[in-house]
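1. let's see this in three dimensions:
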Amino acid sequence: MKYLLLVSHGTMAPGVHSVIRMLLGERENVLSYSMEDGVSADDFVAALTEVIAPISADDAVVVLGDIVGGSPLTNTLNTLTQKGLLANTIAFGGLSLPMAIGALMAIDDGLDDDALCDSVISEAREGARRVELSFADDDEEDL
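-> Numbering: from 1, shown residues only. Model prediction:
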């Protein structure tokens, strides 16, 4: 199985996971965990180890973390390394809802790793853009 693992500071990862459940339904291959304020790295790793317990050596993992170099993503990659899963892992920083949905769709479509990476990066770029706003002219009357 190919898992999507969401990790973040605060409650971002579980929040994105919640929206995925709302939009796409419950998925057994989507896992999430976050490092909330005041939680030590050791406590984060201990709880994360339980979250990723279903992942075996035969599985693959796509990790989306909020910040490259941040404690949640760094500790997650270290934990996956200790579990012998890093060779089957693809990791990204800059977690967003469009990235997560794009990654899940790429997993569902069975895309190879290169195509999956292209898809996730494309979704990240397309998901961040300015929304053009237009305002009615002040001289126009409301009907």
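
2. next, count neighbours for the spatially closest residue to Asp113 that is not a sequence neighbour.
-> Among residues not flanking Asp113 along the chain, Ile90 sits closest, at 6.0 Å (Cβ to Cβ, 6 or more residues apart in numbering). All C-beta atoms are positioned from the backbone trio N, CA, C, and that covers glycine. Close neighbours of Ile90, defined as other Cβ atoms under 10 Å, add up to 16.

3. output the contacting helices and strands for the biggest helix by length in the chain.
-> In terms of residue count, the longest helix belonging to the chain (DSSP state H) is helix 113-127. In terms of contacts (3 or more Cβ pairs under 8 Å, 6 or more residues apart in numbering; DSSP states H and E), helix 113-127 is packed against strand 60-65, strand 89-93, helix 97-108.

4. where does this protein have low pLDDT?
-> Where the chain drops to pLDDT under 70, the residues are 137-143.

5. tell me which strands the strand ranked longest in it pairs with, and in which orientation.
-> As assigned by DSSP state E, the longest strand anywhere in the chain is strand 2-9. Looking at strand 2-9 with DSSP bridges, its partner strands are strand 30-35 (parallel), strand 60-65 (parallel).

6. got the angle between the last one and strand 89-93?
-> What that stands for is strand 60-65. Interaxial angle of strand 60-65 relative to strand 89-93 (axes from the mean of the first three to the mean of the last three Cα atoms, to 10 degrees): 10 degrees.

7. got the contact list for strand 60-65?
-> 1-8, 13, 52, 55, 72-73, 76-77, 80, 85, 88-93, 95, 99-100, 103, 107, 116, 120 (Cβ atoms under 8 Å, 6 or more residues apart in numbering).

8. buried residues, it. List them.
-> Buried residues in strand 60-65, defined by neighbour count with 16 or more other Cβ atoms under 10 Å: Ala60, Val61, Val62, Val63, Leu64, Gly65.

9. tell me the angle of that strand relative to helix 97-108?
-> Using the same axes, to 10 degrees: strand 60-65 against helix 97-108 is 180 degrees.

10. off-centre distance for strand 60-65?
-> 7 Å (Cα atoms, centre = their mean, to the nearest Å).

11. Ser8: neighbouring residues, count only.
-> Counted with other Cβ under 10 Å, Ser8 comes out at 25.
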